[in-house]
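A.B. asks: with the sequence up front, the predicted model follows.
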Amino acid sequence: MATEAAPMDEKAKRMRDLLSSFYAPDPSISTSGSSINASFDNINSTSFDADQYMDLMIKKSNLEVLLQRHVQMAAEIKNLDTDLQMLVYENYNKFISATDTIKRMKSNIFGMEGNMDQLLQKIMSVQSKSDGVNTSLFEKREHIEKLHRTRNLLRKVQFIYDLPARLQKCIKSEAYGDAVRFYTGAMPILKVYGDTSFQDCRRASEEAIEIIIKNLQTKLFSDSESIQARAEAAVLLKQLDVPVDSLKAKLLEKLEQSLDGLQIKPEEASTLVEDDDSSNDTESNDQHPAKIHEDAVRGFSEAIRAYREIFPDSEERLFKLARALTAMHFEYMELYIKKRVSAADFLGIFRIVWEDVVLMDEVLPEAALSDLSAEAAQVTLKQFVARMFSHLQQDISDTLLKFDINQKEAVEGELLKVVLEASQKAVLQGTTNIFQDFRQLLDEKTGIFIKMKDLISGWIQKGSQDFFRSLEAQFLVLSGKTSSSNDIEGKSSDKIHAGLILVLAQLSVFIEQKVIPRVTEEIAASFSGGNSQAFENGPAFIPGELCRVFHAASEKLLQHYIDTRTQKVSVLLRKRFKTPNWVKHKEPREVHMYVDMFLHELEEVGKEVKQVLPQGTFRKHKRTDSNGSNTTTSSRSNTLHNDKMARSNSQRARSQLFETHLAKLFKQKVEIFTKVEFTQESVVTTTVKLCLKSLQEYVRLQTFNRSGFQQIQLDIQFLKAPLKEAVEDEAAIDFLLDEVIVAASERCLDVIPLEPPILDKLIQAKLAKSKEHNNNTVSS
Amino acid sequence: MQGGSSGIGYGLKYQSRCISDVKADTDYTSFLTGTLSLKEENEVHLLRLSSGGSELICEGLFSHPNEIWDLASCPFDQRIFSTVFSTGESFGAAIWQIPELYGQLNSPQLERVASLDAHVGKINCVLWWPSGRCDKLISIDEQNIFLWSLDCSKKSAEVLSKDSAGMLHSLSGGAWDPHDVNAVAATGESSVQFWDLRTMKKVNSIEHAHVRGVDYNPKREHILVTAEDESGIHVWDLRKAKVPVQELPGHTHWTWAVRCNPEYDGLILSAGTDSVVNLWYASATSSDDKTSESPVESTRQRVNPLLNSYTDYEDSVYGLAWSSREPWVFASLSYDGRVIIESVKPFLPRI
């Protein structure tokens, strides 16, 4: 197969070369660039020289090569002859067909020349006739054109003369468009000849046009005309070159003045809502203020629509007007909610304002009133929610402070109990009511509210959180525990009654245990949305945190109450220990008066605590539970007693000091300052402990003689019985009372205690005196 | 002390109320304390912290004639100190000097440099100016403030000026402004009064009840800390003296003493009659930011300022002193005569 393919390719190539050389346009060009060596070897080129070629071959080659070359050339010559014959044979039919076609063409062309000569003759004849017709008609045509121009001129003159009458007719029939068109068309001629030929016509026409302009302006400003009519009037006025800007300004002034009538001022807002409510009862009432307001806004919207069609190219001022009205609506609404406003009333006003926005938005969608209103509505609604919480806090504060608490009334009339119950009710009912109002906000069907539903829930949650934290801060300020910012200006508020601090402490417990769980349920049930959008940092309402805050506040307030009461006793003790000269004290004759005052203070604490705090369930710490203390105390008393008989002053002092230290080591360590609980017993016990500790500290600051020491001994002995009845921790009280005696003995120059019989006698005398005093009080 | 968590203790024989840092001693961390015994011979103890910081050594024990109610070391001479003492019926104040070579004597006697004899009633305290060498002293009794000129070489003291606080005010103590040698704060029953020593007139006051102790912030001007009976601790900016800059809870019972750290701003010690010493960090000592905050914000940002409570005492703690040489060390003294040295290094704010 391969051997057969090679000769075929060579044969085809040779055929193509022969044909291309035959049809080449200029053979000499294709060979001009060849080199001398190439021309020698290339026997197919036109510059081939056979003799030169033979000479070169003979010189270079030997015989064998020459023979080989001869055989090769003979073979090629044979092949070329064969190919040429084949070519002629294959294309013979084509040559015959070409000859026949040429012959037929020759015969057809021969007959055409005669036909063309005939056609030329006919056309020449037509041209001659046409020239004749034109020549004969030329004169008549020129005459006709001249007459036509004259006729047009006469028609124009007639039109000018008829113009005033025509304008008057248009005025009567109110066809102002036609009138303007006529006048505008006549204007060029009137300008040129108005002072000469057509002076009367010009004057009359101008008078008519002035009437038309006046009528058009009247129509433009007329509200009873249709919008199309007013728009047409504006267009015609523009065509008459009347300055339209002043018209536009006048119309805008009119619109701006009408804004005042559209505002919903705070004093009118409640009237709108009330009449809106009453209109439900009497459906036939068509004159209530809400209806009037709606009609006014609708008229304003129609005016805007008219203006827009009359002046299509100046809308910016309209946008400003509409936005101004919308902004003013929301500003007045903010003023409105500064007062105490229910959710129903707020929604009523909001509905009216939103309807206004919808009316104007239909007329001016490009002004983006909906977006503007949405932003303003969010601000207003947010403020409304915050305002509701602020009012609630004010109610709670008023409830706490409206009772004029003074010392006697608080104790006798059980006023603290009343204040506590009233404030608890204010907090619980107030939060319940406020969430009912908020539920109305979520149930509102106005379009803007549906969009803001999540935002509203978020604001209510944050408002609740801020409300409780603000309430806690207010409690601390009310109690005097933290300083209010008002103190900076020097206006210090009056000192609050201690009982109210106790009420605040218990109220904080109530809020922590009852109110915050209730509010948490309300928020979970109705206001759980809005977290993902409004607060990226997490939920806005954190009841756990609030419970911790109020728990800490209640403990702080309770401690503050105890501190306040203790401070009062401390002042009493300070005066007691400051006044006498303890180094030169006289012999004790009776229990000192300050003991009565001290017990009276404790009695008041007991009464206040009984009104506000619950009773505890703790078991009283009986004396028998601390046998060690009992033994040690008895032992020390014996020691003090024996010292008198046997030893000198210095020896007694040294021995007593040692005895005291030894007794302390063996005494059961009593926890004095324990955590105070929210019970009557715990508060009274803590107060007593702190007061006795203060007593000890005051004793340490003094120096006593024997009589002074004995007076302290007598007072402390008298206190033991009533304090034991009042407190729940007997061991600590016993310890503290003993500490006072020890402190006094340490500060005494000459320690000789009173004999027990004398102590008993003086105490009994005091008790008898107290009983007699009580009897007199009862009888009076 | 290096590795242990409890403090180093030292026991005095008798009750005691006052302890003072020996500021002038730059070689050792030293404290002076005096006993308060009505019927026994009273003593002044010179206590020194050992080099390793693990032991408290009694470097000197000196006899003092009467019970000591107040003791303050001279800030520029480590051997000089002042005492307020009582014989039981009357009060006195004197300047004392520890004798040289006291270690070699069998029973060294204190030398009386001067007596402050102008007082009539009960004397509360003697103040030295804390910031450096100053030859003036202030003594405060219940009604009067005296300014003295002290001459140690001549062993005399003279009254330079004096003024009365009036019958309605009963003074209880005071502090000398380390930033202004002419300003003194005096504590009373119902207010803290500020006196100008050049005119010896009261120039300002804070109306606040039952202030028992007071101390100036040594690192910051115009900042004062007060200790009150039931109200706890307040931090004041004297330029806006109506409302305190900060409130700290204080103690379960009275807060008796407060001391500002000499080196670390905001670090405050307090001692109370609940047998506790509390370490506080009061970070907000400027009132500019405070007034702009709402109460809610202030409540939310409140961090517990109590760094530590030291409860190793069995009785009320009256004496409290920071060391000037090692500012992280403090000494405390409870009524039963127990001195405890503690280090606050674990609680120092990170710098």
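C.D. replies: It's in.

A.B. asks: let me know the pLDDT of the residue nearest to residue A:369 when sequence neighbours are not counted.
C.D. replies: Leaving out its chain neighbours, the residue that sits closest to residue A:369 by CB to CB, 6 or more residues apart in numbering or on different chains is residue A:361, at 4.7 Å. Just so you know, the C-beta spots here come from the backbone N, C-alpha and C atoms, and that holds for glycine as well. Predicted confidence (pLDDT) for residue A:361: 75.

A.B. asks: is it correct that residue B:23 is in contact with residue B:324?
C.D. replies: Yes - contact criterion CB atoms under 8 Å: residue B:23 and residue B:324 qualify, at 4.5 Å.

A.B. asks: residue B:33 and residue B:58, how far apart?
C.D. replies: 10 Å (CB to CB, to the nearest Å).

A.B. asks: overlap in contacts of those two?
C.D. replies: B:45, B:47 (CB atoms under 8 Å, 6 or more residues apart in numbering or on different chains).

A.B. asks: who has more neighbours, the two?
C.D. replies: residue B:33 (25 against 14; other CB atoms under 10 Å in any protein chain shown).

A.B. asks: looking at this, the more buried one is in a helix?
C.D. replies: No - per DSSP: H, G, I helix; E, B strand; the rest coil, residue B:33 lies outside any helix segment and is strand.

A.B. asks: what residues are up against it?
C.D. replies: Per CB under 8 Å, 6+ apart, neighbours of residue B:33: B:12, B:16, B:18, B:19, B:20, B:44, B:45, B:47, B:71, B:319, B:333, B:339.

A.B. asks: could those be laid out in CSV, adding distance to chain A?
C.D. replies: Output for these, formatted as CSV (distance: CB to the nearest CB, whole Å):
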residue, distance to chain A
B:12, 13
B:16, 12
B:18, 13
B:19, 17
B:20, 20
B:44, 20
B:45, 18
B:47, 22
B:71, 17
B:319, 14
B:333, 14
B:339, 17
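
A.B. asks: of these, which belong to strands?
C.D. replies: If you go by DSSP state E, the contacts of residue B:33 have B:16, B:18, B:19, B:20, B:44, B:45, B:47, B:71, B:319, B:333, B:339 in strands.

A.B. asks: tell me if residue B:304 really is in a strand.
C.D. replies: No - in this structure, residue B:304 is coil, not part of a strand, as judged by three-state DSSP.

A.B. asks: counting neighbours, what do you get for it?
C.D. replies: Residue B:304 has 8 nearby residues by other CB under 10 Å.

A.B. asks: so how far is residue B:312 from it?
C.D. replies: Counting by CB to CB - residue B:304 and residue B:312 are separated by 22 Å.

A.B. asks: who does the helix or strand encompassing residue A:79 touch, helix- and strand-wise?
C.D. replies: Taking DSSP states H and E as the criterion, residue A:79 maps to helix A:63-90. Here helix A:63-90 touches helix A:2-23, helix A:50-60, going by 3 or more CB pairs under 8 Å, 6 or more residues apart in numbering or on different chains; DSSP states H and E.

A.B. asks: could you give the average pLDDT over the longest one?
C.D. replies: Summarised as a single mean, pLDDT over helix A:2-23 is 65.

A.B. asks: one more: stretch B:192-204?
C.D. replies: 82.

A.B. asks: I would like the residues contacting it, please.
C.D. replies: Counting by CB under 8 Å, 6+ apart, residues outside stretch B:192-204 touching it are B:136, B:138, B:145, B:147, B:161-163, B:165, B:169, B:171, B:181-186, B:205-206, B:208, B:211, B:214, B:224, B:226, B:238, B:241.

A.B. asks: in strands only, show me these.
C.D. replies: B:136, B:138, B:145, B:147, B:161-163, B:171, B:183-186, B:205-206, B:211, B:214, B:224, B:226.

A.B. asks: residue of the stretch 201-350 of chain A nearest chain B, please.
C.D. replies: Closest to chain B within the stretch 201-350 of chain A is residue A:338: 19.6 Å, counting by CB to the nearest CB.

A.B. asks: also chain A?
C.D. replies: Taking CB to the nearest CB, chain A has residue A:473 as its residue nearest chain B, at 3.6 Å.

A.B. asks: got phi/psi on that residue?
C.D. replies: The phi and psi values for residue A:473, taken as degrees, to the nearest 10, are phi -60, psi -40.

A.B. asks: near it, how many other residues are there?
C.D. replies: 21.

A.B. asks: ok, now residue B:155?
C.D. replies: Applying other CB under 10 Å, I find that residue B:155 has 14 neighbouring residues.

A.B. asks: I figured it was touching residue B:114, is that so?
C.D. replies: Yes - Residue B:155 lies in contact with residue B:114 (CB under 8 Å); the separation is 6.0 Å.

A.B. asks: would you mind checking the contacts of residue B:33 for buried ones?
C.D. replies: Buried members of these, scored by 16 or more other CB atoms under 10 Å in any protein chain shown, are B:12, B:16, B:18, B:19, B:20, B:44, B:45, B:47, B:71, B:319, B:333, B:339.

A.B. asks: show me the beta-bridge partners of the fifth one.
C.D. replies: Put plainly, it is residue B:20. Beta-bridge partners recorded for residue B:20 (DSSP bridges): residue B:32.
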